[in-house]
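Peer 1: below is the sequence, then the predicted model.
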2 protein chains.
Amino acid sequence: MKITTKIAEMRKETGKIRRAKETIGFVPTMGYLHEGHLSLVRKSIEECDKTVVSIFVNPTQFAPSEDYNTYPRDTGKDIGLLSREGVALLFMPSVEEMYGRSPLTNIGVSQLSEKLEGRLRPGHFKGVCTVVCKLFNIVSPDRAYFGQKDAQQLVIIKRMVNDLNIPVEISGCPTVREKDGLAASSRNVYIPPENREKAVLLYRALSRIKMLAERDGIEDIPTLLEEGKKAIEGCPEVELQYLEIVDMEDLSALNKIEEKALVLGAVKISGVRLIDNMTISLK
Amino acid sequence: MKITTKIAEMRKETGKIRRAKETIGFVPTMGYLHEGHLSLVRKSIEECDKTVVSIFVNPTQFAPSEDYNTYPRDTGKDIGLLSREGVALLFMPSVEEMYGRSPLTNIGVSQLSEKLEGRLRPGHFKGVCTVVCKLFNIVSPDRAYFGQKDAQQLVIIKRMVNDLNIPVEISGCPTVREKDGLAASSRNVYIPPENREKAVLLYRALSRIKMLAERDGIEDIPTLLEEGKKAIEGCPEVELQYLEIVDMEDLSALNKIEEKALVLGAVKISGVRLIDNMTISLK
């Protein structure tokens, strides 16, 4: 596995792959890799000739009040994991290399970015879209892999790629979960052990809603959300930030599930924000 | 010359060029081509293996009050001109092909987009940046050519390309002028003949400022602007919209010319907006 911290070198390497008429799969990450990331890497390796991974904790997608400085990092371990998987190229740029002196350009995806996570994290998706577009321009992948766990991010990136005609195919991959159902996340490491078992409550709420809709045929959304909230309420350590059932494509609020919908939630436990989601399919 | 209106076909054609290891020069235009456009096309043909031109009157860079509907169009004549020059590919997409159903993604270059033209045309540069990025993603050129006449646009596009790591080299080309000095522009056709000779006053104001700075060593900007305005004042048919001397790179207002500066102006004559600029170089 080749490791580079420089944009110019990255371009040289991907240029070589391209000239050899090989396809490039790309997995952008913020490092501190878990099974979720590795599932993306494996899918890329399966589907593409060469796989490129980036590790970059992107400061512009964190608000000043957020956890940029404490976001978990373990580059040594990450390198070991990726190299064992068979990744061809690892890109680990510095903030300086990525942003140089005061960038002025931002990419916004209106409407989709203002809901759900966007309401709680203003500017977050602008930071995400801009850095993902930059990485696509540096790596020029044929396909890029994102986790369904960040469902809103996936919808927004697909929309950006479509709207800007970026020549890359976006592949959304299933959420990887721990044994009890908690979605794999780099932030899980910050859940205090004494609250770890409560972290699963969001998963339980989502599962309950999915079951009531799919198995019991409940289509009324206020009822479903009410039932979901019951799984979390009564546990003061878990603060429910939102729980919504929305359209899969445009994330708009629904009154009733027609065929498919997305149920998403966010909780805060001991200062750690966790998000999760599930798709509901009535057919 | 191959002509296509479809993105997918355009990609296929540029893919062929790329696989043949030939370089692509790109000249994005809104059509109604004049000598300014043709000078860009000639430079591209000189420097690149294959030249691609686009003709697309981009609705998103016009405000509702502006001249999108009356922007001059003459596709037949444009095709003749480009084909005689030796253009390889002409891309003429419809608005539907470019934007499909309600795009949500926009690219903004803050600060630079809010000054000068941006103050008078809110949203203009967002429209320009977004469509130029889309065209770059569709054509994937090695080099793209823009006229220095739209100086602020050129600064903003260079900034966007740099900030987003778009793999294209931006080439700014000198303004082409009519015999009396009026900058070539598709909109010149709308200047009523009886006011045509007054259209040159902006050029005269800019030339006067340039001369006073470069030849007479006047560095004080209020004095220079005062002198420039004299060339226009006293002619009620010509409304001066702005006249400014700014930094070449960040378009910030200057107090004094150090080495280099950009003097830009906009006038309105019989409802037609004209812009022009010159660089001032003290060494």
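Peer 2: All right, it came through fine.
Peer 1: CA only for contacts and neighbour counts going forward, please
Peer 2: Fine.
Peer 1: grab the most central residue of chain A for me.
Peer 2: Nearest to the geometric centre of chain A sits A:D150, at 3.4 Å (C-alpha atoms, centre = their mean).
Peer 1: was I right to think it contacts A:A266?
Peer 2: No: assessed by C-alpha atoms under 8 Å, A:D150 is found out of contact with A:A266, at 11.0 Å.
Peer 1: how many neighbours does the nearest residue to A:P103 once chain neighbours are set aside have?
Peer 2: In this structure, A:P103 finds its nearest non-sequential neighbour in B:D163, 5.7 Å apart by C-alpha to C-alpha, 6 or more residues apart in numbering or on different chains. Taking other C-alpha atoms under 10 Å in any protein chain shown as the criterion, the count of residues near B:D163 is 22.
Peer 1: the residue nearest to the centre of chain A and A:G172: what is the separation?
Peer 2: Using C-alpha to C-alpha, to the nearest Å, A:D150 is found at 10 Å from A:G172.
Peer 1: overlap in contacts, these two.
Peer 2: Between them, A:D150 and A:G172 share no contacting residue under C-alpha atoms under 8 Å, 6 or more residues apart in numbering or on different chains.
Peer 1: could I have the CA atoms of the lengthiest helix in chain A written out in PDB?
Peer 2: Counting by DSSP state H, the longest helix found in chain A is helix A:124-139. Extracted as PDB, the C-alpha positions of helix A:124-139 are listed here (Å, rounded to 0.1, in the frame of the first residue of the first chain):
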ATOM      1  CA  HIS A 124     -22.000  20.700   8.400                       C
ATOM      2  CA  PHE A 125     -23.100  19.500   5.000                       C
ATOM      3  CA  LYS A 126     -21.500  22.400   3.200                       C
ATOM      4  CA  GLY A 127     -18.200  21.300   4.700                       C
ATOM      5  CA  VAL A 128     -18.900  17.600   3.800                       C
ATOM      6  CA  CYS A 129     -19.900  18.400   0.200                       C
ATOM      7  CA  THR A 130     -17.000  20.700  -0.400                       C
ATOM      8  CA  VAL A 131     -14.400  18.300   0.900                       C
ATOM      9  CA  VAL A 132     -16.000  15.300  -0.900                       C
ATOM     10  CA  CYS A 133     -15.900  17.300  -4.200                       C
ATOM     11  CA  LYS A 134     -12.300  18.200  -3.600                       C
ATOM     12  CA  LEU A 135     -11.400  14.500  -2.900                       C
ATOM     13  CA  PHE A 136     -13.200  13.400  -6.000                       C
ATOM     14  CA  ASN A 137     -11.300  15.900  -8.000                       C
ATOM     15  CA  ILE A 138      -8.000  14.700  -6.500                       C
ATOM     16  CA  VAL A 139      -8.700  11.000  -6.700                       C
END
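Peer 1: how far out from the middle of the chain is it?
Peer 2: 13 Å (C-alpha atoms, centre = their mean, to the nearest Å).
Peer 1: and the next helix or strand past that helix?
Peer 2: strand A:143-147 (DSSP states H and E).
Peer 1: give me the contact list for that following strand.
Peer 2: Counting by C-alpha under 8 Å, 6+ apart, A:24-28, A:36-37, A:40-41, A:44, A:48, A:154, A:168-175 sit against strand A:143-147.
Peer 1: which parts of chain A sit against chain B?
Peer 2: For chain A, the residues in contact with chain B (C-alpha under 8 Å from any C-alpha of the partner chain) are A:99, A:103-111, A:130-131, A:133-134, A:137-138, A:159-160, A:163-167.
Peer 1: domains of chain A?
Peer 2: A:2-173, A:186-281 (automatic domain parsing).
Peer 1: model confidence over the shortest one, on average?
Peer 2: Mean pLDDT, domain A:186-281: 96.
Peer 1: now the end-to-end length of it.
Peer 2: 28 Å.
Peer 1: what of the longest one?
Peer 2: By C-alpha to C-alpha, the extent of domain A:2-173 from end to end equals 25 Å.
Peer 1: off-centre distance for it?
Peer 2: With C-alpha atoms, centre = their mean as the basis, domain A:2-173 stands 10 Å off its chain's centre.
Peer 1: average model confidence for it?
Peer 2: Computed over domain A:2-173, the average pLDDT equals 97.
Peer 1: quick one on the thing from earlier: filter the residues of chain A next to chain B down to the buried ones, PyMOL style.
Peer 2: Applied in PyMOL, the following selects the buried portion of these according to 16 or more other C-alpha atoms under 10 Å in any protein chain shown:
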select buried, chain A and resi 99+104+105+106+107+108+109+130+131+133+134+137+138+159+160+163+164+165+166+167
